[in-house]
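Chemist: Model the structure of this input:
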Amino acid sequence: MTACTRRLPAILTFLVAFTLVDTASAQPTQPTQTPPPAQPATQPADEPKSMIDRLKEPDQGGGLHLTKHFGIAAGGIKQGSGIALGPALSTKFSDGGYAQLKAVYSIRKFWVVQARYDTRRFWSDRAIAISRLRYYDAPELSLYALGPESADARVEYSERKLEASSVLQLRPTPAGRFSAGFSYEQFRVGADPLPVVIVNDEPTEPLPLPGLDIRPRFAHVFGSAGYDTRLSPDYTRNGHFAEIELHHYLDTNDGLASFRRVDTTLEQFIPTHGSRGVIGVALQTFFTFDSGDGTVPFYMMPTLGGGNLLRAFPSYRFRDRDAMLFKGEYRWAVHKMADIAGVYEAGMVAPAVEALSLGNVEHSYAIGVRAHTEKAALFRFDVAHGREGWGFRVGFTGTGGGS
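Modeler: Residues are numbered from 1 along each chain as shown. Have a look, this model is predicted:
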């Protein structure tokens, strides 16, 4: 029995216990609906939407529409890309299907092109299948030595990825959610040697980066199970969320880079002051396991730093095979489409689950602004502080990306 298998019962038990909490108070109260006023005889019943109305809500592919088919996509390349924008063409078919073609380019010269197709909803509107073909180029990503005590010295590495994927998403109940899918993923990575660092007045050579000299082609099988009472995954003021994700990466070249990964997420949102304020707490874990005779490529390992994962630190500041992150946040609505937020984060990485230690915790404190619609986060800005100084984070979260 593998280490991954032995730990799964404990993880699943924790998730089940979390979801047994009474969720009645977390469900938003549905207002009594009144029939709309009758349309005047001279006005069509189905009036076309204005551009302002289209921009209020992103479509299911994350596009903010200027016209019925043409819109703007933001972010969605890879963390660390900086602000990224590009055109998106999409259409909604008469049977409920959806297709989108987008190309996004960032201020740091990252880019992505992607074609996506969503089937119509089926099984009594409980399921949908999403397929996409995607290629991105990230020419300058930050690379630090592995481990929780890595020095604040970095080099840049480049990463290109080709992905073809398909996933089935199922919601058998209003709160239950399941997914299962498959993807083919091919990477091309290049990096300079990590710099020599001084430890106790002695120069120390960093350990070689695992997976740097190989070009794996992964057959990636994945699935998840979750319980979700939030108003929306993008933006909510109440409810809770629990999910476990299982990933198996099979290196189809020679099997040396094959590994498995288990990710878990727990979130709870508690409204205050008549829902004008909200307390949010979250715990995320990322555990990686290999067969014992292979290696996990460094660019497939969990990372903390930047984005919304220990935001006081630069992107990818901490990297290793296992990671854990706790987050506490308080948001206060200053407008129906804007909140101010205070955030505390504590995170750690380690080469093994048993090595995760409170002695290696990194702390981040931040204050920021959130722009949003009723169900979608559109923009965030944070000023954060940690032991290595200040960090400034900008993200277009409602359309699939951040920086």
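Chemist: With Glu245 as the reference, measure out to Ala355.
Modeler: Between Ala355 and Glu245 the computed distance is 22 Å (Cβ to Cβ, to the nearest Å). The way it works is simple: take the backbone N, C-alpha and C, and place the C-beta from them, glycine included.
Chemist: I'd like to check what contacts whichever strand or helix holds Val112. Which residues are they?
Modeler: Under the criterion of DSSP states H and E, Val112 resides in strand 111-118. Strand 111-118 is contacted by residues 60-61, 76-77, 97-105, 128-137 when judged by Cβ atoms under 8 Å, 6 or more residues apart in numbering.
Chemist: Of the residues you listed, select the buried ones using a PyMOL command.
Modeler: Burial among these is assessed by 16 or more other Cβ atoms under 10 Å; the matching PyMOL selection reads:
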select buried, resi 61+76+77+98+100+101+102+104+105+128+129+130+132+134+136+137
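Chemist: So what are the sheet partners of the strand holding Val112 and their directions?
Modeler: strand 98-106 (antiparallel), strand 127-143 (antiparallel) (DSSP bridges).
Chemist: can you redo the ones you listed as a markdown table with distance to Lys92?
Modeler: Shown next, in a markdown table, are the strands paired with strand 111-118 (distance: least, Cβ to Cβ, whole Å):
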| stretch | distance to Lys92 |
| --- | --- |
| strand 98-106 | 5 |
| strand 127-143 | 13 |
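Chemist: Now render these as CSV, adding mean pLDDT.
Modeler: Listed next are those as CSV, based on pLDDT from 0 to 100:
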stretch, mean pLDDT
strand 98-106, 97
strand 127-143, 97
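Chemist: Which one, of those strands, ends up nearest to Gly328?
Modeler: strand 127-143 (26.1 Å; Cβ to Cβ).
Chemist: what about the closest one, distance to the chain center?
Modeler: Relative to its chain's centre, strand 127-143 lies at 12 Å (Cα atoms, centre = their mean, to the nearest Å).
Chemist: any idea how far Ala350 is from the nearest residue to Gln60 once chain neighbours are set aside?
Modeler: Sequence neighbours aside, Tyr98 is the residue nearest to Gln60 in space, at 5.8 Å (criterion: Cβ to Cβ, 6 or more residues apart in numbering). Look at Tyr98 and Ala350: by Cβ to Cβ, they are 41 Å apart.
Chemist: Same check on Lys109?
Modeler: 33 Å.
Chemist: could I have stretch 262-282 exported to CSV, CA atoms only?
Modeler: In CSV, the C-alpha atoms belonging to stretch 262-282 read as follows (Å, rounded to 0.1, in the frame of the first residue of the first chain):
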residue,chain,number,x,y,z
VAL,A,262,-3.7,14.9,-3.8
ASP,A,263,-5.1,18.5,-3.2
THR,A,264,-7.7,19.4,-0.7
THR,A,265,-9.5,22.7,0.0
LEU,A,266,-11.7,23.8,2.9
GLU,A,267,-13.4,27.2,2.9
GLN,A,268,-16.0,28.8,5.2
PHE,A,269,-17.6,32.2,4.8
ILE,A,270,-19.5,33.9,7.7
PRO,A,271,-21.5,37.0,6.9
THR,A,272,-21.5,39.9,9.5
HIS,A,273,-23.4,43.2,9.9
GLY,A,274,-26.3,42.1,7.7
SER,A,275,-23.9,40.6,5.1
ARG,A,276,-22.1,43.9,4.6
GLY,A,277,-19.0,42.3,6.1
VAL,A,278,-17.8,38.7,5.7
ILE,A,279,-15.2,36.5,7.4
GLY,A,280,-13.5,34.0,5.2
VAL,A,281,-11.2,31.2,6.4
ALA,A,282,-9.6,28.6,4.1
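Chemist: Offset the numbering so it begins at 44, please.
Modeler: In the new numbering, first residue 44, that becomes stretch 305-325.
Chemist: Could you check that stretch and say which residues are buried?
Modeler: Of the residues in stretch 305-325, those buried (16+ other Cβ under 10 Å) are 305-314, 321, 323-325.
Chemist: Also stretch 267-277?
Modeler: Ser267, Ala268, Gly269, Tyr270, Asp271, Thr272, Arg273, Leu274, Asp277.
Chemist: residues in contact with Phe221?
Modeler: For Phe221, the contact set (Cβ under 8 Å, 6+ apart) comprises Gln212, Leu213, Arg214, Pro215, Gly266, Ser267, Ala268, Gly269.
Chemist: who does the second one bridge with?
Modeler: This points to Leu213. Going by DSSP bridges, Leu213 is paired in beta bridges with Ala170, Phe221.
Chemist: and stretch 185-200, how far apart are its ends?
Modeler: Using Cα to Cα, to the nearest Å, the end-to-end distance of stretch 185-200 comes to 6 Å.
Chemist: Repeat that for stretch 327-341.
Modeler: So stretch 327-341: terminal residues 20 Å apart, Cα to Cα.
Chemist: what sits up against that stretch?
Modeler: Under Cβ under 8 Å, 6+ apart, the answer for stretch 327-341 is 45-47, 50, 186, 189, 230, 232, 252-255, 257, 259, 294, 298-309, 343-345, 362, 364-368, 370, 396.
Chemist: I'd like to know which of those residues are part of strands.
Modeler: Counted as lying in strands by DSSP state E, out of the contacts of stretch 327-341, are 186, 230, 232, 294, 302-309, 362, 365-368, 370.
Chemist: Now which of these would you call buried?
Modeler: By neighbour count, with 16+ other Cβ under 10 Å, these hold 186, 230, 232, 294, 302-309, 362, 365-368, 370 as buried.
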